[in-house]
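K.L.:
got a sequence here, can you model it:
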Amino acid sequence: MMQAADLFMKNDIGRQPDILCGLSPRLAVLHDRAATVAADGPAGGVWVIGCGDGLFAAEAVAQTARQAGLNWQAVGPMDLLVEPDRVQPGDVAVLMSMSGNVDRTVEAAQLVRDRGCRLLAIVNGDGGRLAQLVPDRWSMDLADLAPFLCGTSSFAATLAALLAVISGLSGRAHIDLGDSAAAMAAANSAADRMMTGIDLNAITGLRYLASGATLGLARYGAAKCVEVAARPVWTAELEEFAHSQFWTMSPCDLVVLIATCATEADYADASADALAQMGTRTLALDCDDAPVTRATLRLTVPQAGPAGLCHLPGLQHLAYAVGTADGLDPNRRLHLKADKTRFRTSRMLTRRSLLGTGT
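P.N.:
Now for the predicted structure:
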């Protein structure tokens, strides 16, 4: 049996509230850097560029950014590489890569630099190749608990960093995440209890549904399952799911409904009621002021928090539970590295510069 100290993914989930609080002084520095970027002149587009978790985080905070008056564009790097004329001189580009070595993100950094954008990078560590192109970079300097651990606390830190960027670019005060950190701690305990006891044996696959900016959280939750489990996983916008995926969905799939506001909750509740007609189980990640009462299972937090921060433990513990039920070790993900052909192919797809390094 694995010792508590070796439960790296669970421990990483649990330390998120402390990380948010500990990052506060450095997030204030990032806020001020973003304010300095904004002071160089009015921003047209704010291009927020990343792959995987970086893109999902940019999507998740998009509503907050729009409410702050920013022309926030959460994009994958390929969006700009195939349509470079969308970027104009004087635009702001925020580039995200924890390693700084994701090929397409580095290529997009070259593109936006050459087109005269004002640049800011968010990394974790020295910034790799991205740092060579973007001198103005902010590192979360978050130590990994284990090599090759999937993004858990790093995703929470990325959301926090982008919230700091939004407030800095828009001229607003630096956001205090203390209340969200406390709510995340409670959510972590509740999610751990629920997911430890949930019966996943009959579940054929998982469908993560959300709407608006919350779709970024759904895409993140699905990605965690892909990284640590073996079952099929899909993501869809709540309404579009009914027009596409639904028609070939197994009734034994688990449908995960994420709600951060009352409007989302109302539509998610109606979807849970409809899916119950064919025996499909639903799991709602909701909150006190946005309840999804007709879901089969509910993981309710007092508040969703900015960008749905407080729903992260539920998504992460669900991925952990599915991976464990599939007989895998979510704490190390060694099943991915053990598949040497697939692992090498992944590096050829995204990080050719790391081929042969074992990372």
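
K.L.:
now for the helix or strand bottoming out on mean pLDDT in the chain, which elements pack on it?
P.N.:
Least confident helix or strand, the chain: helix 334-338 with a mean of 78, by mean pLDDT, DSSP states H and E. Applying 3 or more C-beta pairs under 8 Å, 6 or more residues apart in numbering; DSSP states H and E, we find helix 334-338 packed against helix 340-350. Placement of C-beta: from N, CA and C, glycine included.

K.L.:
buried residues in the helix it packs on?
P.N.:
R347 (16 or more other C-beta atoms under 10 Å).

K.L.:
show me how far it is from its chain's centre.
P.N.:
22 Å (C-alpha atoms, centre = their mean, to the nearest Å).

K.L.:
give me the contacts around it.
P.N.:
For helix 340-350, the surrounding residues in contact (C-beta atoms under 8 Å, 6 or more residues apart in numbering) are C51, V102, D103, R104, L336, K337, L354, L355.

K.L.:
and the residue of the chain most remote from its centre, how close does it get to A268?
P.N.:
Residue farthest from the centre of the chain, counting by C-alpha atoms, centre = their mean, is Q277 at 31.5 Å. Per C-beta to C-beta, to the nearest Å, Q277 is found 16 Å from A268.

K.L.:
how about L177?
P.N.:
For L177 relative to A268 (C-beta to C-beta), the value is 25 Å.

K.L.:
neighbour-wise, which of the two wins?
P.N.:
A268 (29 against 24; other C-beta atoms under 10 Å).

K.L.:
before we move on, which element is the spatially closest residue to the more buried one that is not a sequence neighbour in?
P.N.:
For A268, the nearest residue in space outside its immediate sequence neighbours is L257; the separation is 4.1 Å by C-beta to C-beta, 6 or more residues apart in numbering. Element membership of L257, judged by DSSP states H and E, is strand 254-258.

K.L.:
which elements pack onto that strand?
P.N.:
Looks like strand 254-258 contacts strand 206-210, helix 215-228, helix 262-276, strand 281-287, helix 312-325 (3+ C-beta pairs under 8 Å, 6+ apart).

K.L.:
who does that strand pair with, and is each partner parallel or antiparallel?
P.N.:
strand 206-210 (parallel), strand 281-287 (parallel) (DSSP bridges).

K.L.:
mean neighbour count for those - can I get that in a markdown table?
P.N.:
Shown next, in a markdown table, are those (neighbours: other C-beta atoms under 10 Å):
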| stretch | mean neighbour count |
| --- | --- |
| strand 206-210 | 26 |
| strand 281-287 | 26 |
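
K.L.:
could the ones you listed go into TSV alongside distance to P135?
P.N.:
Converted to TSV, these look like this (distance: least, C-beta to C-beta, whole Å):
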stretch	distance to P135
strand 206-210	36
strand 281-287	39
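
K.L.:
could those strands be laid out in TSV, adding distance to R113 and mean pLDDT?
P.N.:
As requested, the strands paired with strand 254-258 are exported to TSV (distance: least, C-beta to C-beta, whole Å; pLDDT from 0 to 100):
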stretch	distance to R113	mean pLDDT
strand 206-210	33	98
strand 281-287	39	98
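
K.L.:
what's the closest of these to R66?
P.N.:
Within those, the stretch nearest R66 is strand 206-210; the backing value is 16.7 Å (C-beta to C-beta).

K.L.:
angle of that closest one against helix 215-228?
P.N.:
Computed by axes from the mean of the first three to the mean of the last three C-alpha atoms, to 10 degrees, the angle separating strand 206-210 from helix 215-228 equals 160 degrees.

K.L.:
how far off centre is strand 206-210?
P.N.:
14 Å.

K.L.:
which residues are in contact with that strand?
P.N.:
Counting by C-beta under 8 Å, 6+ apart, 217-219, 221-222, 225, 231-238, 241, 245, 249, 253-259, 264, 268, 271, 318, 322 sit against strand 206-210.

K.L.:
okay, stretch 100-119 in PDB with CA atoms only?
P.N.:
The C-alpha coordinates for stretch 100-119 follow below in PDB (Å, rounded to 0.1, in the frame of the first residue of the first chain):
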ATOM      1  CA  GLY A 100       8.700  27.100 -21.900                       C
ATOM      2  CA  ASN A 101       9.400  24.400 -24.400                       C
ATOM      3  CA  VAL A 102       6.100  23.700 -26.200                       C
ATOM      4  CA  ASP A 103       6.900  23.900 -29.900                       C
ATOM      5  CA  ARG A 104       3.800  25.700 -31.100                       C
ATOM      6  CA  THR A 105       3.800  28.200 -28.200                       C
ATOM      7  CA  VAL A 106       7.400  29.100 -28.900                       C
ATOM      8  CA  GLU A 107       6.500  29.600 -32.600                       C
ATOM      9  CA  ALA A 108       3.500  31.800 -31.700                       C
ATOM     10  CA  ALA A 109       5.800  33.900 -29.400                       C
ATOM     11  CA  GLN A 110       8.100  34.500 -32.400                       C
ATOM     12  CA  LEU A 111       5.100  35.500 -34.500                       C
ATOM     13  CA  VAL A 112       3.600  38.000 -32.000                       C
ATOM     14  CA  ARG A 113       7.000  39.500 -31.200                       C
ATOM     15  CA  ASP A 114       7.700  40.000 -34.900                       C
ATOM     16  CA  ARG A 115       4.300  41.600 -35.300                       C
ATOM     17  CA  GLY A 116       5.000  44.300 -32.700                       C
ATOM     18  CA  CYS A 117       3.000  43.000 -29.700                       C
ATOM     19  CA  ARG A 118       3.700  43.800 -26.100                       C
ATOM     20  CA  LEU A 119       4.700  40.500 -24.500                       C
END
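
K.L.:
what comes up buried for that stretch?
P.N.:
For stretch 100-119, by 16+ other C-beta under 10 Å, it's 100-106, 108-109, 111-112, 115, 117-119.
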